[in-house]
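**Student:** any chance you can model this:
(2 chains)
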Amino acid sequence: MDLIAVLADAVRAAVGPQAAVFALAAVGLNLQFGYAGLMNFGQAGFMLVGGYGMTVSVTRYGAPLWLGVLVGLLMGFLLALLLGVPTLRLRGDYLAIATIAAAEILRLLFRSEAAAPLTYGVFGVQQFASDFYDLNPFGGGSYGIGRFSLSGGQLWIALVGWLLVAAAVALTALLVSSPWGRVIRAIRNDEEVVRALGKNTYAYKLQALALGGLMASVAGMVLALASQAITPDTYTADLSFYAFAVLLLGGVGRVLGPVVGAVLFWLLLAASDSLLRQAITSGVISDEVLSTSDVGPIRLALVGIALILFMYFRAGGLLSRRTPKTAATAKAEVAA
Amino acid sequence: MAALTGAPTRVRARRRRGPAWAIAVLCAVAAALACLLVDASPALAAGEVVQGRLVDAEDQPVPDVEVTLSQDGDEVASVTSGADGRWEIPVPAPGTYEVSLDEESLPDGISLREGAEASREVTVDPGGLRNVLFPLGQVETSGSGLGAALAQATLDGLLLGALIGITAIGLSLIFGTTGLINFAHGELVTVGAVVAFGLNAAGLHIVLAALVAIPVVAALAGGSELVLWRPMRRRRASQVSMFIATIGLALLLRQVVLVVYGGNPRSYEQYGLQQVWEWGPLSITPRDASILGIALLVLVLVGLTLTRSRLGTAVRSVSDNRALAGCSGINVDRVVFQVWLAGGGLAALGGVLYGLSQAVTWNMGFNLLLLMFAGVILGGLGTAFGAVVGSLVVGLLAQLSTVFFDSELQTVWALLLLILVLLVRPQGLLGLRERVG
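**Tutor:** Below is the predicted model of the structure:
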């Protein structure tokens, strides 16, 4: 067993572009769910339209990359309107079902034969981001210390990704401490009260959904750029669930929660992945029991267990201020 | 079942009706499943042979199609189907082989049916004969006419809708009694189908395998209530955190199934190859007809149980008003537990039937779950009859859409209907008007 390699894998994943993508999506989700209380389970849909908006305008219409990014943002904004205007009146869990259905509709449409002339169908499109990597200031070499290293290209996309995360976090920090932020937090706690005070809660919720959706579309673009590939099946409902897992791991309604969550999520995911793979190849776990192709599903099963345990013991996430009430104090309150 | 507690002797005497009902339902289901046994096509014992007959959607033989048998990637033999569509490959020794159909050699206008695999793994037992079915379909529905296509799609839609209905009842009743939207319900369906597949592959007849899988999944569902949901309700966890916990459970179960079962779709041993029954433009295999019959029978039985039995009355009163039901002496926790057991069992039955009519895959439950949501919300969350009506509508819509549009988009139509209903009538067709916003 080579624990240094496990550590190097884990750290590489935790600072790499993937973690930045999840941090971005979770910062957006934090604004929607953590502050405004909107159960958006369609974050994958926003990522999909962002990624595809950029890719399709670059590859099909020969647009420059910056224009593609704008198209991606516009698509994210339009999706927020399309989804939010009709569904934001719904109660929390209904909204969750509506958003997950919408994201799934988008994925099925984008992978369908009929849409293939625009979206490249099931197999998607590869190698479209040369414009982006031409800007890479780090060249082709490898950067890092010892075993832990990133190639120049990876370093470039990771840097861009984390700068975007920093910008999104800064924006969130400013927003939630503003009067606007007070209103959306109040909506989360009791919408009726806010409505009684004369605020248009519907407009505030729509704004929160759109802002979070825009951050998710940026996340979708970074994901497409990082892998230089885009396929509809990258954006399954599971992606939305991982965004929730990241947010819950970090802390709901804390500005830095999603960032901590994304780093931890990938640290744990990559470490368990690397450990399991080594255990199998070195024969500690016989390949009769598990093969290396089972490692992917197992680590996702661990995500599932983590979600259950968090909801059971600490519904607000690691950084949460409020600990869930114990049954005893809750009963005392009811009795009082 | 003793849903009422602390009741006087008169009630105690009537309590026995609960188990009697449950036994009656179980017997009826078992009898219905046994009907499946009747139309098992007899296999002829001979040398070890892999064989099949290629027919198109109109049951006409498809000749001159190349079928290849290989083992561990090495080709063993290759034959072409005869004028009657039959092909037969003698196998050198018992073992596991891969049979693949050369799609290039299919005549124009005929292709493998949606979801069917061009190659599949078969295990040949010593002295055994193995039927392999490659379902073929017409690329275009031209010739048969729109009316016939609509009639056939209606029949298929009824089948799909009844299967969604069986699985959706549990989802709806659990929501009705506890307010929990169980995202892991789809995985109960998958686990049911996969457990039955494991037993079936080990040699148990599918009907017996199903009868074992149903209590296994009921126990799984009941266990989740005892270990997770009841303690979480006691801790006053919010609806949202319980909802997210069901997503975690769904993820866990789905990935475990993927590891244990694998990613390839597989079929049960029995009822793979069947002669199609035809009435005019309609055609259905005896297998699908039995599935439809069982599904409708179970739906009627569940309806009767809910309206006529003591347990059903208790379930409905808990759904109606939990606190009031508790005050009237109904043991709410117990009713909820029984709903979980019944919902799990029905999900497993639905999974086996769905696996019989399509194929068993690791993510069948998740795909079905979105259709279940569509059906349940269309009918009205929390109502059993609404779930059934809504599911039938969703099944019909999904299948009828394939007449006009690409069949890969059939789920899209069902989901669009779901969103539309949420906008226009969030309480659903049969739901009571209540605030959802």
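**Student:** only C-alpha atoms from now on, for both contacts and neighbour counts.
**Tutor:** Will do.
**Student:** where in the stretch 151-300 of chain A is pLDDT low?
**Tutor:** Scanning the stretch 151-300 of chain A for pLDDT under 70 picks out the ranges A:287-288.
**Student:** actually the stretch 151-300 of chain B, not the one I typed
**Tutor:** B:272-273.
**Student:** the strands in it, which residues?
**Tutor:** B:277-279, B:282-284 (DSSP state E, counting those that start in this stretch).
**Student:** what sits against residue 101?
**Tutor:** Since no chain was named, I'll use chain A. A:Gly42, B:Leu370, B:Leu415, B:Leu416, B:Leu418, B:Ile419 (CA atoms under 8 Å, 6 or more residues apart in numbering or on different chains).
**Student:** hmm, no, I was thinking of chain B.
**Tutor:** Listed by CA under 8 Å, 6+ apart, the contact partners of B:Leu101 are B:Val65, B:Glu66, B:Val67, B:Thr68, B:Ala118, B:Ser119, B:Phe134.
**Student:** among these, which one sits closest to chain A?
**Tutor:** B:Ala118 (18.3 Å; CA to the nearest CA).
**Student:** just the pLDDT for the closest one.
**Tutor:** Looking at B:Ala118, its pLDDT is 76.
**Student:** ok and the residue in the stretch 251-400 of chain B nearest chain A?
**Tutor:** Sorted by distance to chain A under CA to the nearest CA, the residues of the stretch 251-400 of chain B start with B:Leu252, at 4.2 Å.
**Student:** if I look at A:Phe22, what pLDDT would I see?
**Tutor:** A:Phe22 is assigned 94 on the pLDDT scale.
**Student:** measure it to chain B for me?
**Tutor:** From A:Phe22 across to chain B, the span is 18 Å (CA to the nearest CA, to the nearest Å).
**Student:** that residue should be in a helix, yeah?
**Tutor:** Yes. Assessed by DSSP: H, G, I helix; E, B strand; the rest coil, A:Phe22 belongs to a helix.
**Student:** burial measure for A:Arg60, as a count.
**Tutor:** Residues lying near A:Arg60 (other CA atoms under 10 Å in any protein chain shown) number 12.
**Student:** name the helix or strand for the closest residue to it other than its chain neighbours, please.
**Tutor:** Spatial nearest neighbour of A:Arg60, chain neighbours left out: A:Leu118 (7.3 Å); criterion: CA to CA, 6 or more residues apart in numbering or on different chains. In this assignment (DSSP states H and E), A:Leu118 forms part of helix A:116-119.
**Student:** just B:Leu150 next, same as before
**Tutor:** With DSSP H and E as criterion, B:Leu150 is part of helix B:146-178.
**Student:** go through that helix and flag the buried ones.
**Tutor:** B:149-150, B:152-178 (16 or more other CA atoms under 10 Å in any protein chain shown).
**Student:** returning to that earlier point: which two of the contacts of B:Leu101 have the greatest separation?
**Tutor:** By the measure CA to CA, B:Val65 and B:Ser119 form the most distant pair in these, at 13.6 Å.
**Student:** looking at these two, which is more packed in?
**Tutor:** Using other CA under 10 Å, the more surrounded residue of B:Val65 and B:Ser119 is B:Val65, with 21 against 16.
**Student:** how much space between the more buried one and B:Gly345?
**Tutor:** 42 Å (CA to CA, to the nearest Å).
**Student:** who touches the residue of the stretch 251-400 of chain B closest to chain A in this structure?
**Tutor:** So B:Leu252 contacts A:Leu300, A:Ala301, A:Leu302, A:Val303, A:Gly304, A:Ile305 (CA under 8 Å, 6+ apart).
**Student:** now the two most distant members of those.
**Tutor:** With distances taken as CA to CA, the most widely separated pair in these is A:Leu300 and A:Ile305, at 8.8 Å.
**Student:** what sits against residue 258?
**Tutor:** Unless you meant another one, I'm taking chain A. Contacts of A:Pro258 by CA under 8 Å, 6+ apart are A:Ala23, A:Leu24, A:Ala26, A:Val27, A:Asn30, A:Val246, A:Leu247, A:Leu249, A:Gly250, A:Gly251, A:Val252.
**Student:** actually chain B
**Tutor:** Contacts of B:Leu258 (CA under 8 Å, 6+ apart): A:Pro297, B:Trp362.
**Student:** then the one 3 residues further on?
**Tutor:** Contacts for B:Tyr261 (CA under 8 Å, 6+ apart) come out as B:Val194, B:Trp362.
**Student:** residues from the stretch 301-437 of chain B in reach of chain A?
**Tutor:** With the criterion set to CA under 8 Å from any CA of the partner chain, the stretch 301-437 of chain B comes near chain A through B:370, B:373, B:406, B:408-409, B:411-412, B:415-416, B:418-419, B:422-423, B:426, B:436-437.
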